[in-house]
Structure formats: structure tokens, C-alpha cells
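Colleague: Sequence first, predicted model second:
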Amino acid sequence: MKKNIFYIIFFLFLIIFDQLTKYYSELLNLITINDGVSFGLFKGFGGEIYVQLILLMVLFFVLQKTVMPTILKVFFLSGVISNTIDRILLGGVKDWLPIPFFDLKNNFADWYIFFAITIYVLKYGYEYRNNLRG
């Protein structure tokens, strides 16, 4: 039970941290509104809120059925939910972190999602490869 409380508190912390950094970045005029997906890609795609909510429900169902470690699920879902909050309130996501060498911006929620997927793919890809070798 204590472990579940930790995950819930950490989940809420990640969402609040992302929303606060977006708020303060907006005060400094660093914000751009992205109606695309992570890292400013596919602008004009996925801005409709009903699409976002359907994707959120599908992702939640898929994550419930996977063997993804809970901490990675927390990172992934907190990123998706924090960006969904922006989509509901603004019709797009507040991006402010510039990506070096690219004309793109992102936010911490994008990095939460990227981190969870990358660690999951690396961990389970490595284990799968080792299982193939015997």
C-alpha cells in the first residue's frame, strides 16, 4: 500500500511540476502553443480533444495489460495527462524548452513520455535479444 501511495504522489508531483514550469515559462514569454504531438512534430494533427481523450483511454488500457514497470507507467501517464490538460484548456500544448539544433520546442511532459518509452524499449529489447541467444 505504501508503494502505491508513493506512485500516486510522484504521479501528481510530475504533473504539477510540468504545469508550473509551463506557467512560469509563459510569464517569461517563452511559450509556443503546439497543436501537434511531442517535440512539436506533426503540427495540425491530433489537436481535437476527442481524439486526445480516446487515445488516452486506449493508452491506459494498453498500459494496464503490459509488463511495463509501474514507475515507467507513472512517467508515461503523467506526461500524457499533463499535455491533455493543456489540450483541454488551450486546444494545444504549451511548449517552451528549445531543442538544440532544431527549430522545435517541447516541455517536461514530452520528456516524461520519451523517457518511459525509451527505457522500456531498451530494457525489454535487450532482454528479448538475450533470450533469443539462449
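Modeller: Sure thing, it's come through.

Colleague: Please make it C-alpha for all contacts and neighbour counts, starting now.
Modeller: Noted.

Colleague: State the number of residues packed around residue 32.
Modeller: Neighbourhood size, residue 32 [other CA atoms under 10 Å]: 18.

Colleague: need the contact list for it.
Modeller: Shown in contact with residue 32 (CA atoms under 8 Å, 6 or more residues apart in numbering): 94, 95, 96, 105.

Colleague: Narrow the residues you listed to those that are buried.
Modeller: 94, 95, 96, 105 (16 or more other CA atoms under 10 Å).

Colleague: Inside helices: which ones of the residues you listed?
Modeller: Secondary structure from DSSP state H places none of those in helices.

Colleague: how about those in a markdown table, adding pLDDT and distance to residue 131?
Modeller: Formatted as a markdown table, those follow (pLDDT from 0 to 100; distance: CA to CA, whole Å):
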| residue | pLDDT | distance to residue 131 |
| --- | --- | --- |
| 94 | 94 | 42 |
| 95 | 94 | 40 |
| 96 | 94 | 41 |
| 105 | 90 | 39 |
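
Colleague: Select from those residues every entry located in strands.
Modeller: Filtering those for membership in strands, criterion DSSP state E, returns 94, 95, 105.

Colleague: now, which of these sits nearest residue 85?
Modeller: Nearest to residue 85 among these is residue 94, at 10.1 Å by CA to CA.
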